[in-house]
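K.L.:
How does the following fold in three dimensions:
(one chain, ligands or ions: 1)
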Amino acid sequence: MRLDIISIFPEYFAPLDVSLIGKARERGTLDVRVHQLRDWAYDVHRTVDDTPYGGGPGMVMKPEVWGEAIDAVIGASAVPGGARGGGHVQGSDEDEGRDGGEARATPQASAPGSVLPQPVAPGADAPGTVEPGTVEPGTVEPAGVEPGTGASATVASGTPVLPRMIVPTPSGRPFSQELAQELAQEPWLLFACGRYEGIDSRVMEDYSGRLRVDEVSIGDYVLAGGEVAVLVMVEAIGRLLPGVLGNAQSVVDDSFAPGSMENLVEGPVYTKPPVWRGHEVPAVLLSGHHGNVARWRRDEAIRRTVRNRPELAAALDPAKLDKHDRKLLDELSFRVRRKDVAN
Ligand code: SAH
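P.N.:
Residues are numbered from 1 along each chain as shown. Reported below is the predicted structural model:
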């Protein structure tokens with residue numbers, strides 16, 4: 001899967017070098033490219049924001065800069081007339097710093113016939129840096145994509161496709177395990193990280209005509225920028241890619257996983273020793289009886305869901321509850337659409 005991330009803080013993405021996601025990148029399952037938005041600003045101060053129309057506090061991100069950046073990242077295939085964008089890969093040397101007004105080169109991102117991806121120096125170790133580009137803008141390698149699993153996953157190598165664009169915003173549709181699973185099927189995702197009061201709405205409007213654009217919220221609270229939201233989404237999506245987790249079964253057993261864990265959170269987990277500070281591991285887990293262990297785990301998942309997430313428990317699908325589930329829910333005085341489960 002290819003992931004492009006546009007942000008004014010590329011250094012936020014250093015954690016993507018670590019752990020499961022870092023390993024997935026090393027193996028080539030994930031091809032992450034982080035881009036500095038300011039490189040597509042055109043004034044000496046590399047301005048990306050301006051005052052909001054209609055007044056009010058805060059600043060809004062300028063549409064022109066975003067347009068240039070996205071055009072360049074998605075490449076020729078999306079630009080009318082076939083202009084080819086430069087693959088613009090950035091390291092962590094950029095930050096919010098308006099560096100004393102020093103002029104910087106503006107990329108020739110969407111000039112027709114312009115540059116191919118600029119290779120990153122081998123060994124460049126800046127967070128957010130990617131391997132020297134081997135994929136031209138507007139193309140995607142099917143590496144890590146199982147044929148037939150995604151909307152565009154059947155493209156042959158080198159065939160131009162377009163990314164699905166994700167814009168983090170508290171006003172978006174909620175991010176969920178279901179959406180993570182859906183996005184994990186895509187061969188190419190582009191994340192546009194807002195700051196300030198967000199991105200001028202015409203950017204999403206404009207690209208909606210060419211790409212699938214989703215505005216997505218990671219929860220009912222307000223962050224300072226989209227970077228952390230993107231890290232959350234990339235981690236949730238990345239761990240679902242084939243081969244990223246050691247044990248594929250763990251994805252199926254996770255909280256919220258579509259299937260038997262739909263609308264359920266996972267119950268408590270234990271490891272050795274069997275007694276710690278006088279607290280014993282529940283005996284059933286030491287019994288070696290797989291059926292009983294599975295039943296106990298499901299009971300605990302239901303108990304915990306009712307306790308911590310009653311709104312999820314209320315959404316449990318009666319058709320997926322067995323007699324034992326229903327009895328337990330009754331004991332917990334939680335009726336799941338009672339008339340549906342009467343028999
Ligand atoms: N004024 C806006 C909030 C702007 S917060 C509003 O009330 O809706 C600045 C940026 O942080 C947003 O553009 C978005 O990119 C990011 N952000 C903040 N909270 C977020 C959330 N819950 N989910 C996803 N992105 C979020």
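K.L.:
drop to CA atoms for contacts and neighbour counts, all remaining ones
P.N.:
OK.
K.L.:
what does the lengthiest strand in the chain contact?
P.N.:
Identified as the longest strand of the chain according to DSSP state E is strand 164-174. Strand 164-174 is contacted from outside by 186, 188-194, 198, 211-222, 226, 229-230, using C-alpha atoms under 8 Å, 6 or more residues apart in numbering.
K.L.:
In PyMOL, select just the buried ones from these.
P.N.:
Here is the PyMOL selection string for the buried members of the contacts of strand 164-174, based on 16 or more other C-alpha atoms under 10 Å:
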select buried, resi 186+188+189+190+191+192+193+194+198+211+213+214+215+216+217+218+219+226+229+230
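K.L.:
Among the contacts of strand 164-174, which ones are in strands?
P.N.:
Going by DSSP E, the strands hold Trp188, Leu189, Leu190, Phe191, Ala192, Arg212, Val213, Asp214, Glu215, Val216, Ser217 from the contacts of strand 164-174.
K.L.:
farthest pair in the residues you listed?
P.N.:
Trp188 and Ser217 (19.6 Å; C-alpha to C-alpha).
K.L.:
Would you point out which residue is most central in the chain?
P.N.:
With distances taken as C-alpha atoms, centre = their mean, Met233 lies nearest the centre of the chain, 2.6 Å away.
K.L.:
So that residue sits against Ala180, correct?
P.N.:
Yes: at 7.2 Å, Met233 and Ala180 qualify as touching, with contact defined as C-alpha atoms under 8 Å.
K.L.:
shared neighbours, the two?
P.N.:
Residues touching both Met233 and Ala180 (C-alpha under 8 Å, 6+ apart): none.
K.L.:
quick one: buried residues of the lengthiest helix in the chain?
P.N.:
Counting residues, the longest helix found in the chain (DSSP state H) is helix 290-308. Of the residues in helix 290-308, Val293, Trp296, Arg297, Arg298, Asp299, Glu300, Ala301, Ile302, Arg303, Arg304, Thr305, Val306 count as buried by neighbour count, 16+ other C-alpha under 10 Å.
K.L.:
Which members of those residues are the farthest-apart pair?
P.N.:
Val293 and Val306, at 20.0 Å, using C-alpha to C-alpha across those.
K.L.:
what is the mean pLDDT for the longest helix of the chain?
P.N.:
Mean pLDDT, helix 290-308: 98.
K.L.:
what packs against it?
P.N.:
helix 310-314, helix 323-331 (3 or more C-alpha pairs under 8 Å, 6 or more residues apart in numbering; DSSP states H and E).
K.L.:
which stretches of this protein have low pLDDT?
P.N.:
The model of the chain has pLDDT under 70 over residues 76-160, 337-343.
K.L.:
what ranges do the strands span in it?
P.N.:
Going by DSSP E, the chain shows strands at 2-7, 31-36, 49-50, 60-61, 164-174, 188-192, 212-217, 275-276, 279-280.
K.L.:
how about TSV for the ones you listed, with distance to Gly75 added?
P.N.:
Converted to TSV, the strands of the chain look like this (distance: least, C-alpha to C-alpha, whole Å):
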stretch	distance to Gly75
strand 2-7	12
strand 31-36	14
strand 49-50	24
strand 60-61	22
strand 164-174	13
strand 188-192	12
strand 212-217	16
strand 275-276	57
strand 279-280	59
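K.L.:
Redo the ones you listed as TSV? Include distance to the ligand.
P.N.:
Shown next, in TSV, are the strands of the chain (distance: least, C-alpha to the nearest ligand atom, whole Å):
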stretch	distance to the ligand
strand 2-7	10
strand 31-36	15
strand 49-50	12
strand 60-61	9
strand 164-174	4
strand 188-192	8
strand 212-217	4
strand 275-276	38
strand 279-280	38
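K.L.:
just so I know, which of the ones you listed lies nearest Gly22?
P.N.:
When those are compared by C-alpha to C-alpha, strand 31-36 sits nearest Gly22, at 9.8 Å.
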